[in-house]
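1. I would like the atomic coordinates for the input below:
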Amino acid sequence: MAKTIPAADLPRLRSTRDTRDRIDLVTEEMFGVTGLKADRITYHPGDTAAAHYHLDCQHYFFVLEGRGILYADGERIDLAAGDVALVDQNEVHSFENPYDENFTFIELWVPAPGDTVWVDPDDI
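-> As a prediction, the model looks like this:
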């Protein structure tokens with residue numbers, strides 16, 4: 001039987017670091033799955049994500065709108081709508097939106113992440 005969750009009922013996280021928005025799309029709590037996790041993230045102009053990595057999963061990014069910068073293991077990767085990026089397990093990464101438009105993407109972890117390690121523990 002199909003299971004649906006109305007958009008208004010999807011869990012949302014407001015960042016304490018900046019104005020970015022996260023909407024949980026697929027979690028173990030919502031669908032009982034551990035093989036993947038998915039979120040929709042919007043970085044507003046000027047938003048950033050702290051450097052971090054995941055010990056036990058690959059991390060995919062499907063850019064829906066706008067432009068932004070992915071930093072992965074010290075490399076700058078410019079992303080735009082339609083692009084797809086992959087960050088491997090243990091690969092340090094972060095994001096930045098220096099542009100005047102929103103940068104929105106779906107992020108998919110396979111399998112669902114167990115631990116996130118912050119490069120600077122004060123960034124948790």
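
2. neighbouring strands for the helix or strand of the chain with the lowest mean pLDDT, and are they parallel or not?
-> Here the helix or strand of the chain ranked lowest by mean pLDDT, DSSP states H and E is strand 12-14, holding a mean of 79. The strands that strand 12-14 pairs with in its sheet are strand 21-26 (antiparallel) (by DSSP bridges).

3. how far out from the middle of the chain is the following helix or strand past the strand it pairs with?
-> Next along the chain after strand 21-26, taking DSSP states H and E as the criterion, comes helix 28-31. Relative to the centre of its chain, helix 28-31 is centred 18 Å away, using C-alpha atoms, centre = their mean, to the nearest Å.

4. model confidence over helix 28-31, on average?
-> Averaged over helix 28-31, pLDDT sits at 89.

5. in it, what counts as buried?
-> By 16 or more other C-beta atoms under 10 Å, the buried positions in helix 28-31 come out as Met30. The way it works is simple: take the backbone N, C-alpha and C, and place the C-beta from them, glycine included.

6. tell me what it is packed against?
-> Judged by 3 or more C-beta pairs under 8 Å, 6 or more residues apart in numbering; DSSP states H and E, helix 28-31 is in contact with no other helix or strand.

7. host element of the most centrally placed residue in the chain?
-> Closest to where the C-alpha atoms of the chain average out (C-alpha atoms, centre = their mean) is Glu107, at 4.5 Å. Using DSSP H and E, Glu107 sits within strand 103-110.

8. tell me the contacts of Thr104?
-> 40-43, 63-66 (C-beta atoms under 8 Å, 6 or more residues apart in numbering).

9. perfect, I'm done here.
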